[in-house]
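In: Let me see the structure of the following:
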Amino acid sequence: MSKRSFIFLLPVLVAGAFCAFAKSRAPFPEPAVDVPVAEAHGEQTAVLAGGCFWGMEGVFERVIGVTNVVSGFAGGQKSTAHYEEVSTGRTGHAESVKITFDPTKITYGQLLRIYFSVAHDPTQKDHQGPDWGTQYRSAIFYDGDDQKRVAEAYIKQLTDAHVFSHRIVTQVVPLTGFYAAEAYHQHFLDNNMTYPYIVYNDLPKIAALKKDYPELCKRQ
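Out: Coordinates of the predicted model:
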């Protein structure tokens with residue numbers, strides 16, 4: 001289902017739109033494996049997919065140490081990195097965000113903690129909330145061995161701890177390219193705070209971020 005059609009099915013979806021991702025709202029585990037701050041040099045980037053990029057972008061734009069977030073596509077070819085084509089679910093792309101961050105202020109592991117706990121539900125395969133299709137899959141596009149090591153270790157940690165009631169389906173795959181989405185998708189949440197899709201699907205994520213991670217939120 002596309003984001004455009006969401007508003008027409010809103011009365012049906014509202015009741016089930018909000019489920020707790022984890023079994024409880026207890027403190028979410030910190031990554032046992034991370035990239036040490038001492039080994040961090042200069043700005044770094046993380047590319048994550050977890051459903052509609054509007055909400056993902058809105059969450060990570062509010063995290064300290066994050067200097068830029070771009071909505072776009074990863075997993076497919078440059079020639080098909082256009083919203084209308086990606087929306088067919090046949091391009092191999094996933095709606096993703098490219099997060100530029102200062103690793104001395106926020107680590108890659110901390111970003112993944114937010115990603116798994118409040119930014120999306122990693123147990124939903126090829127969909128997220130009301131959006132269905134492989135373009136809405138959960139995926140970590142790693143850039144280098146460190147990111148791969150941290151991502152795989154954290155998924156194992158969460159799995160072994162039975163944090164979620166269902167199996168984590170997040171893919172951990174190499175980044176082969178990231179392509180920015182059309183201009184109207186950038187900062188969509190902040191520019192459309194009353195849009196029904198944003199209100200019912202994404203603003204609760206922002207609220208959860210502020211509640212669960214006040215120490216990691218930018219002052220606004």
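In: and the nearest residue to residue 94 once chain neighbours are set aside, how many neighbours?
Out: Distances taken as Cβ to Cβ, 6 or more residues apart in numbering place residue 49 nearest to residue 94, at 3.8 Å, with adjacent residues excluded. To be clear about C-beta, it is placed using only N, CA and C from the backbone, and glycine gets the same treatment. Using other Cβ atoms under 10 Å, residue 49 has 28 other residues around it.
In: Assign a three-state SS to residue 49, would you?
Out: strand (DSSP: H, G, I helix; E, B strand; the rest coil).
In: so who does residue 181 touch?
Out: 53, 70-73, 81, 83, 95 (Cβ atoms under 8 Å, 6 or more residues apart in numbering).
In: in the chain, which spans are strands?
Out: Under the criterion DSSP state E, the chain contains strands at 44-50, 66-74, 94-101, 127-128, 131-132, 138-142, 171-174, 178-180.
In: For residue 38, find the nearest of the ones you listed.
Out: strand 44-50 (14.2 Å; Cβ to Cβ).
In: mind listing what's buried in the closest one?
Out: For strand 44-50, a neighbour-count test (16 or more other Cβ atoms under 10 Å) marks 44, 46-50 as buried.
In: got it, and stretch 179-191?
Out: Neighbour-count burial for stretch 179-191, with 16+ other Cβ under 10 Å as criterion, is recorded at 179, 181, 185-189.
In: now stretch 171-179
Out: Residues of stretch 171-179 classed as buried by neighbour count (16+ other Cβ under 10 Å): 172-173, 175, 178-179.
In: How about residues contacting it?
Out: For stretch 171-179, contacts defined as Cβ under 8 Å, 6+ apart pick out 47, 70, 72-75, 77-78, 81, 93, 96, 98, 137-143, 148, 151-152, 155.
In: Between its first and last residues, how far does that stretch reach?
Out: 19 Å (Cα to Cα, to the nearest Å).
In: who touches residue 155 in this structure?
Out: 168, 170, 172.
In: Low-confidence bits of the protein, can you list those?
Out: With pLDDT under 70 as the threshold, the chain has low-confidence stretches at 1-26, 220.
In: Between the contacts of residue 155, which sits nearest residue 28?
Out: residue 168 (13.3 Å).
In: hang on, that closest one packs against residue 122?
Out: Yes - the pair residue 168 and residue 122 passes the contact test of Cβ atoms under 8 Å, sitting 4.8 Å apart.
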